[in-house]
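Asks: My questions are about this predicted structure, shown below with the sequence.
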Amino acid sequence: MKRASNIDRFAVIIGAMKCGTTSLFRYLCQHPQVVGSSHKELNYFANDDNWARGNTWYEEHFDFDPARHRVGLEASTHYTKQPMYPNAAERMAQVDASFKLVYLVRDPIARIESHLTHGVFKGWLGERKHIKDHPHVLAVSRYAYQLDAFLEHFPADDILVVSLSELKQRPRAVVDRVLAHIGLEADFELNTDSQHNSSREKTVDRGLWRVLSKTGPLGQALPTGVRRFLGEGVERQVLSPDERAFVARELADDMQRLRDEHGVDTDAWFADVEA
């Protein structure tokens, strides 16, 4: 597919959902040669309707100045949500541009619990069932499996896997490593004073929204999950011991592959799970 404009280098944070993608996106956007997308998750390569709009639509979301910028950055977690969104990697490979990919991972159980809590907030989760009955949520934590689709279209050197724990503990070191991966110098001042998290952002002005949500048509228009969050707060979803054991069994082979093929230290992830 022909390039639409003069952006010929992209860095894409491809996931995983609830693994610190917002923090990393905002850290990298502080670099003077990086231009972040107008909103973090464009979902261009995952969403069929967005893809149909073409590259011009995609690049319109980057305020790219060729005199200053070298890399366009976006972060869409739908790109690693196989099998729900199966075409992201193949479509990305069709674009006549250079792509460097970054994939964030974390303890799968913690990620799943955060994913479920997000589903309650958004209202799409429906009835909370055993995790085996939420296969899509489980699939997003199959990190090696999610990477397979991209390795079919991109060389391994184009994909950097980073753990959320490392990003939290050593943000500057991680940012420097990502910048080296995408071909930029780390000669800038980075502000890592605060972490960025979409769930935390939703609590801004919560008191005001609680009042508004209970008055007039606004309250009726809000999704059930949002009304519950504003009125009572969202209860954090916690996996039962049986669910934790199920997840550990289901993901054992994938975690082994993640360790062996991608060098991720997974030893502590299921250490406290009783078989």
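Replies: Now that the structure is in, tell me what you want to look at. Numbering: from 1, shown residues only.
Asks: what's the offset of the longest helix that the chain contains from the middle of its chain?
Replies: Secondary structure of the chain read by DSSP state H shows that its longest helix is helix 241-262. Relative to its chain's centre, helix 241-262 lies at 20 Å (CA atoms, centre = their mean, to the nearest Å).
Asks: what helices or strands is it leaning on?
Replies: The criterion is 3 or more CB pairs under 8 Å, 6 or more residues apart in numbering; DSSP states H and E, and the helices and strands that helix 241-262 contacts are helix 108-122, helix 135-140, helix 143-151. No exception for glycine: its C-beta is placed from N, CA and C like everyone else's.
Asks: Now for Glu185: which residues touch it?
Replies: Leu179 (CB atoms under 8 Å, 6 or more residues apart in numbering).
Asks: so where does it fall, helix or strand?
Replies: Element membership for Glu185, per DSSP states H and E: none, as it lies in no helix or strand.
Asks: Just read off the phi/psi values of it.
Replies: phi -80, psi 150 (degrees, to the nearest 10).
Asks: Using CSV, write out every CA atom in the longest helix of the chain.
Replies: Taking Å, rounded to 0.1, in the frame of the first residue of the first chain, the C-alpha atoms of helix 241-262 are listed here in CSV:
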residue,chain,number,x,y,z
PRO,A,241,-8.2,-19.5,43.9
ASP,A,242,-9.8,-22.0,41.4
GLU,A,243,-9.7,-19.4,38.6
ARG,A,244,-6.1,-18.5,39.4
ALA,A,245,-5.2,-22.2,39.1
PHE,A,246,-7.1,-22.5,35.9
VAL,A,247,-5.3,-19.5,34.4
ALA,A,248,-1.9,-20.9,35.5
ARG,A,249,-2.7,-24.2,33.8
GLU,A,250,-4.1,-22.6,30.6
LEU,A,251,-1.2,-20.2,30.2
ALA,A,252,1.7,-22.5,31.2
ASP,A,253,2.9,-23.3,27.7
ASP,A,254,2.5,-19.8,26.5
MET,A,255,4.5,-18.5,29.5
GLN,A,256,7.2,-21.0,28.7
ARG,A,257,7.4,-19.8,25.2
LEU,A,258,7.5,-16.1,26.3
ARG,A,259,10.4,-16.9,28.5
ASP,A,260,12.3,-19.1,26.0
GLU,A,261,11.6,-17.2,22.8
HIS,A,262,11.3,-13.6,24.0
